[in-house]
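[1] structure here, sequence nowhere to be found:
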């Protein structure tokens, strides 16, 4: 029997509709679980109106190693914009080759996190920016010294004056942080398959990724990993159900307890934002797990009290790859030249 | 008495002609002393035809910290393209925060140097590129390990295959160096006032810079600092006439003697190329002098046996500022993502 061409087309159309209906149901389910697509417009941070001048200045500062005592370490050293916005090290290495206590989180889409750092101790990006510049194990500098450095270079003074026009003291440590925040607000990664899918493009994710998304919701991952960043919104004990071994959860780092001194915050950390997670191994605050599928399995045991088997972890991992967006094109900044009054490197 | 307008115009024209004639004489004098403008076309290095694919791959490699054992240090760490192509440190800092023995030369226009390194031990940029990757005090890596790293990332394998198509083993340490050389060939800085002046634009240099150029020739600086790079062409004892103090010329670094083992090469170094010298303090192989005018004065005493007074040094320094060209616009590369088989950082 020959099937008429028209009937074949109808069958194909019905099948497509069925797929589309299933995809729409999945989209609705993801949205109901709190997952959100990346917004189209730039975020406007608190008390820091974004301007082109501020962004350009912030980019320079972000890449300028002279913000560090040594003159060798820039924001980009640990938040490398060419390797996922982090350093791909277990924990970061800073001044004097000291090893920092925690894995560097990505700077991409960080503006969507409720607070910054693994323990949320900085309320926003401008507060965050001041931390590593001063941390002894990171850039090991002091605000006074940063001001001397920036004031020693006429081009920086001019750029601060333009970016913060009308202010009595445009070159300031606060404004340094605000300019860096302005640049970081632009560090978003649109166009991830997940975002395209949520916008109605059924073909943007593979079937495996869709199954992974379904599992991600059904297994309860969305309880912690929700919002635009699929995480970064609130704090949870690492080992909610079962505490992982001391390799993954070192006993000496009590997480948010160090911020609040509240016993209930022992081993509490900010749920990791998951956008571009495929680019930012190794994982967890301890940076001990390099394999994403393994990290998914650890989460099942530690946070959900369920064994996520290898096939399921593979599907969830496939979905996590659908969170990789387009890294913004950055023109490498030409930084101002030093003068006789620029403080010398302190190595 | 009123001077007719026409007569005034004639006087102005005559004055301009006189200035122009003097400028042309200075131009001829500079050329006769061996100073050359930057050529318009890209240089073609030996045994390494430049292609767009090779340049793009080389840029990635230049910025990739995973060429180092630690995963933290890239070519750009010490040859920062945003700060004059060097690190603005006395001597560079590498693996384990070790201090290297010499000041990092700029990578800009390095293709015009006769040989690379302060002692000329690498005959070209591809030979040079292999040095720091393997030096224990710099990137501290081994060729085998670099190959494992690059082969672990499919995008790198694909890019090497495209850039070195037809070769039996496109991913190789030799080709890594060749790709970096191809990128570095593009790191030239056209448009310096000196180049514009040499091309006939009398107004490109100030009168002070012109006087400085005249002094630069008359005092004999051009004996060592000639060619396109105003240096980088041959080797001279530091302290040809009078050896500087051990702060500027540390006794333990015997320069080219370490390459040739010839006593006549003790404290012999490659004459510094002077393009963009205003961007690359501190000066000399020891990186001990931060002030350019002071460096000029040291050269007078040590190399020429003459005291260059403060006013003259100021004029020569003004001329040296006319050697600052346009830094090329570089789009920061997005580097390939690591895989399970990528060697882990060795900190």
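    That came in fine, so what should we check first? Since this is a predicted model, take the numbers as computed values, not measurements. Residues are numbered from 1 along each chain as shown, chains lettered A, B, ... in the order given.

[2] and the residue of chain A found nearest chain B, how many residues sit next to it?
    Among all residues of chain A, residue A:97 sits closest to chain B, at 3.8 Å; criterion: C-beta to the nearest C-beta. All C-beta spots, glycine's among them, are computed from the backbone N, C-alpha and C. Look at residue A:97: counted by other C-beta atoms under 10 Å in any protein chain shown, it has 16 neighbours.

[3] thought it was touching residue B:96?
    Yes - distance between residue A:97 and residue B:96: 5.4 Å, which falls inside the contact criterion (C-beta atoms under 8 Å).

[4] related to what we said a few turns ago, contact partners for the residue of chain A closest to chain B?
    Residue A:97 makes contacts with B:96, B:97, B:347, as judged by C-beta atoms under 8 Å, 6 or more residues apart in numbering or on different chains.

[5] per-residue confidence for it?
    Per-residue confidence at residue A:97 stands at 98 (pLDDT).

[6] center of chain A, which residue is that?
    Residue closest to the average C-alpha location in chain A (C-alpha atoms, centre = their mean): residue A:106, at 3.7 Å.

[7] need the contact list for that one.
    Neighbouring residues of residue A:106 by C-beta under 8 Å, 6+ apart: A:79, A:84, A:85, A:86, A:273, A:275, A:276, A:279, A:280.

[8] for the second one, which non-adjacent residue is closest in space?
    Think residue A:84. Using C-beta to C-beta, 6 or more residues apart in numbering or on different chains and skipping the chain neighbours, the partner closest in space to residue A:84 is residue A:279 (3.1 Å).

[9] which stretches in the stretch 51-200 of chain A count as strands?
    All residues of the stretch 51-200 of chain A lie outside strands when identified by DSSP state E, counting those that start in this stretch.

[10] next to chain B, which bits of it? Give me the list.
    Counting by C-beta under 8 Å from any C-beta of the partner chain, the positions of the stretch 51-200 of chain A adjacent to chain B are A:63-66, A:70-72, A:77, A:80-84, A:87-90, A:93, A:96-97, A:99.

[11] give me the buried entries from the residues you listed.
    Buried positions within these, assessed by neighbour count (16 or more other C-beta atoms under 10 Å in any protein chain shown), are A:63-66, A:70-72, A:77, A:80-84, A:87-90, A:93, A:97.

[12] list the ones among the residues you listed that fall in helices.
    For these, the ones inside helices are A:63, A:77, with DSSP state H as the criterion.

[13] is the helix or strand that contains residue A:298 in proximity to chain B?
    When secondary structure is defined by DSSP states H and E, residue A:298 falls within helix A:292-299. No - among the residues of helix A:292-299, none lie within reach of chain B under C-beta under 8 Å from any C-beta; the closest is 9.4 Å away.

[14] show me what contacts the closest residue to residue A:42 other than its chain neighbours?
    Leaving out its chain neighbours, the residue that sits closest to residue A:42 by C-beta to C-beta, 6+ apart is residue A:185, at 5.8 Å. If a contact means C-beta under 8 Å, 6+ apart, then residue A:185 has A:42, A:43, A:44, A:45, A:50, A:55, A:111, A:125 as its contacts.

[15] neighbour-wise, which one of these leads?
    Using other C-beta under 10 Å as the neighbour criterion, residue A:125 leads those with 26 neighbours.

[16] and for the residue nearest to that residue when sequence neighbours are not counted, the neighbour number?
    Here the nearest residue to residue A:125 in space, its sequence neighbours aside, is residue A:181; by C-beta to C-beta, 6+ apart that works out to 4.1 Å. With neighbours defined by other C-beta under 10 Å, the count for residue A:181 comes to 25.

[17] where's residue A:181 relative to residue A:66, distance?
    19 Å (C-beta to C-beta, to the nearest Å).

[18] ditto for residue A:343
    With distances defined as C-beta to C-beta, the gap from residue A:343 to residue A:66 amounts to 8 Å.

[19] overlap in contacts of those two?
    residue A:149.

[20] about what we covered before: JSON lines please, covering the contacts of residue A:106 and showing distance to residue A:229 and pLDDT.
    Supplementary listing: the contacts of residue A:106 in JSON lines, determined by distance: C-beta to C-beta, whole Å; pLDDT from 0 to 100:
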{"residue": "A:79", "distance to residue A:229": "16", "pLDDT": "98"}
{"residue": "A:84", "distance to residue A:229": "14", "pLDDT": "98"}
{"residue": "A:85", "distance to residue A:229": "13", "pLDDT": "98"}
{"residue": "A:86", "distance to residue A:229": "14", "pLDDT": "98"}
{"residue": "A:273", "distance to residue A:229": "4", "pLDDT": "98"}
{"residue": "A:275", "distance to residue A:229": "6", "pLDDT": "98"}
{"residue": "A:276", "distance to residue A:229": "10", "pLDDT": "98"}
{"residue": "A:279", "distance to residue A:229": "14", "pLDDT": "98"}
{"residue": "A:280", "distance to residue A:229": "13", "pLDDT": "98"}
